[in-house]
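*Asks:* With the input below, show me the fold.
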Amino acid sequence: MSENTLVTAGTFSFPHEAEIARSTLEAEGIAAYVVDAHTINMQWLYSNAMGGVRVKVQAKDLNAAKEILNTDYSPLVDSEIGVEVNEKCSKCGGILEPYTKGRRPAYLVFLLLGFPLFFYQHGFRCVSCGNFTKT
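*Replies:* Next up, the predicted model:
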């Protein structure tokens with residue numbers, strides 16, 4: 001296989017995800033191309049049948065591209081928006097997860113009345129004891 005042959009570095013369900021991957025690779029100096037984005041935009045139900053939207057790179061850049069695409073930036077995002085990664089429950093010391101309290105009743109009201117009543121709250125819920133903390 002030639003070094004200039006295009007190989008798949010990643011597959012995505014939606015074109016916007018592939019475009020983000022392409023721009024990330026190009027920011028790192030790797031030439032990348034999005035394949036089948038227009039087809040999936042026209043008929044998005046074909047995405048799984050076609051193998052998704054593919055991001056292709058040259059064979060010589062494949063390992064570096066996969067390493068870049070597999071990098072987890074979650075801690076950077078959490079620190080940027082001010083979420084403490086090690087937040088603990090005030091009652092039991094368990095791990096907190098993002099949770100929206102009252103979402104299910106709000107959805108049922110929307111189905112029954114035909115218009116939304118927004119009475120839900122965003123916050124964190126303890127995985128262990130279920131304690132809700134409003135943000």
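
*Asks:* okay, CA-based contacts and neighbour counts for the rest of this
*Replies:* Fine.

*Asks:* ok, now how distant is the residue nearest the centre of the chain from residue 76?
*Replies:* Centroid-nearest residue in the chain, with C-alpha atoms, centre = their mean: residue 17, separated by 8.4 Å. With the distance defined as C-alpha to C-alpha, to the nearest Å, residue 17 ends up 19 Å from residue 76.

*Asks:* if we can go back for a sec, which outside residues touch the helix or strand hosting the residue nearest to the centre of the chain?
*Replies:* If you go by DSSP states H and E, residue 17 is part of helix 15-27. Residues from elsewhere that reach helix 15-27 (C-alpha atoms under 8 Å, 6 or more residues apart in numbering): 11-12, 31-34, 37, 40-41, 53-55, 65, 68-69.

*Asks:* Let's see that with 6 Å instead.
*Replies:* Outside helix 15-27, the residues within contact range by C-alpha atoms under 6 Å, 6 or more residues apart in numbering are 12, 32, 37.
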